[in-house]
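Engineer: Turn this into a model:
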Amino acid sequence: MLQLIDRKNRVFLYFVILILLSSINNKNFLNDKRSFLLINNINVTGLSNEENIKVAKSLSSFLNKNIFFINKEDIKKFY
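Structural biologist: A predicted model of the protein is given here:
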């Protein structure tokens, strides 16, 4: 009976260590995940310089927004 209790304690200890280590390491992952899907810059090519600047300024409202939360209708307004 003593061996069974010792084994339960050991399994419990390993489980606690696993949870502790995995939760500490995931904090950095969550911070990186938030900034991963944000639009950082918009490059426009294929037009004249004046038109490239004009299009880039009109699309600058989408900077620092999540890619998946931008509506298609909002993007179509700038065509």
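Engineer: Let me see the domain layout of the protein.
Structural biologist: Listed by automatic domain parsing, the domain ranges of the chain are 1-36, 37-79.
Engineer: Just put these in TSV and tack on mean pLDDT and mean neighbour count.
Structural biologist: Every C-beta, even on glycine, is put in place using the N, C-alpha and C of the backbone. Formatted as TSV, these follow (pLDDT from 0 to 100; neighbours: other Cβ atoms under 10 Å):
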stretch	mean pLDDT	mean neighbour count
domain 1-36	73	9
domain 37-79	82	10
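Engineer: Quick check: chain neighbours aside, which residue is closest to residue 75?
Structural biologist: Nearest in space to residue 75, with sequence neighbours left out and distances taken as Cβ to Cβ, 6 or more residues apart in numbering, is residue 62 at 7.8 Å.
Engineer: With residue 64 instead?
Structural biologist: Counting by Cβ to Cβ, 6+ apart, the residue nearest residue 64 is residue 38, at 5.6 Å.
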